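Peer 1: show me how the following folds:
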Amino acid sequence: MDIIFIDKKMKRFYESHSTALKNLGDRNAKIFVQRIQEIEAANTIAILETLPGRLHSSHGTNKGQYALDMLHPKRLIIQPLLDKDQVSPNQATKVMILGITDYH
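Peer 2: Numbers count the residues shown, from 1 in each chain. The predicted model follows:
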């Protein structure tokens, strides 16, 4: 899938191991890169449901977004970007990386 980062900070976490390490810690920095690589390798969002990382949809104010598990309690938040001919988020071939959060 194609990936768009919401801002330079999120992109820097992926491109610079030292930045990710400093901000996320060793284990979450590794998991973050792994999750991005899994997203890149997937053809659609639906494929991510079959991979480790427990993809789950968000509700309420975050409706339309999905979360992938990192080291508890952190989650990688993504949003499918639909092309005009795609009607379901499961068909999305492009996602935006929104951030890393703790819902708890």
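
Peer 1: helix or strand right after the lengthiest helix in the chain?
Peer 2: Identified as the longest helix of the chain according to DSSP state H is helix 26-41. Beyond helix 26-41 on the C-terminal side, the first helix or strand identified by DSSP states H and E is helix 45-48.

Peer 1: just the CA coordinates for that following helix, please, in PDB.
Peer 2: Only the C-alpha atoms of helix 45-48 are listed here, as PDB (Å, rounded to 0.1, in the frame of the first residue of the first chain):
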ATOM      1  CA  ILE A  45      -6.400  -2.700   4.500                       C
ATOM      2  CA  ALA A  46      -8.200  -6.100   4.600                       C
ATOM      3  CA  ILE A  47      -4.800  -7.900   4.400                       C
ATOM      4  CA  LEU A  48      -3.700  -6.100   7.700                       C
END
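
Peer 1: other residues contacting that helix?
Peer 2: 1, 38-39, 42, 55, 66, 68, 80, 89-92, 95 (CB atoms under 8 Å, 6 or more residues apart in numbering). Where C-beta positions appear, they are placed from N, C-alpha and C, glycine not excepted.

Peer 1: among those residues, which ones are buried?
Peer 2: Buried members of these, counted by 16 or more other CB atoms under 10 Å: 1, 38-39, 42, 55, 66, 68, 80, 89, 92, 95.

Peer 1: picking that back up, and the contacts of helix 45-48, which is closest to residue 15?
Peer 2: residue 39 (15.0 Å; CB to CB).
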